[in-house]
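Asks: Mind folding the following:
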Amino acid sequence: MYRVTREIHFCYGHRLLNYDGKCKHLHGHNGRAVITLEAPQLDSLGMVMDFSRLKQVIGAWIDETLDHKMLLHRDDPALASLRQLGEPVYLMDANPTAENIARLIFDYTASRGFPVVEVKLWETENCFATYAPQG
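Replies: Okay, the predicted model is just below:
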């Protein structure tokens, strides 16, 4: 089995609802999405996937959708105020934890036809969450 991995850096803000800790407040991160693809054989060029294709498709989506946005649960009471101020937001159906953001990136990558097997989201230089489906 062959695997390739690409890192995509982006900045985002979030806060966690129903959380008793510092992350209940609006704050930001310099995130790193580490996306791993896998294939049993290589293409005619000897690649699982061209790294530049990951950057063009997934990097562009992250840049347009998540970079410099507040990632919020759709029920976050701060949403109305942020929208009134013209702040860019991205709404999630789940609490915007590192785990859920990793899953969001995984699901988008898979929906674009990439053979993704794992996404790690580094929230800080010391902490990351991983999403990989079972099986």
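Asks: what's the spacing between the residue most central in space within the chain and Leu17?
Replies: The residue lying closest to the centre of the chain (C-alpha atoms, centre = their mean) is Ile105, at 4.0 Å. Taking C-beta to C-beta, to the nearest Å as the measure, Ile105 falls 21 Å from Leu17. Backbone N, C-alpha and C define where each C-beta goes, glycine included.
Asks: Counting neighbours, what do you get for Asp76?
Replies: Residues within reach of Asp76, counting by other C-beta atoms under 10 Å, total 22.
Asks: Can you check what pLDDT the model gives it?
Replies: Predicted confidence (pLDDT) for Asp76: 97.
Asks: Excluding chain neighbours, give the residue nearest to it in space.
Replies: Leu17 (6.1 Å; C-beta to C-beta, 6 or more residues apart in numbering).
Asks: where does that neighbour fall, helix, sheet strand or coil?
Replies: When classified by DSSP: H, G, I helix; E, B strand; the rest coil, Leu17 comes out as coil.
Asks: is it true that it touches Asp75?
Replies: Yes - if you go by C-beta atoms under 8 Å, Leu17 and Asp75 touch, sitting 7.1 Å apart.
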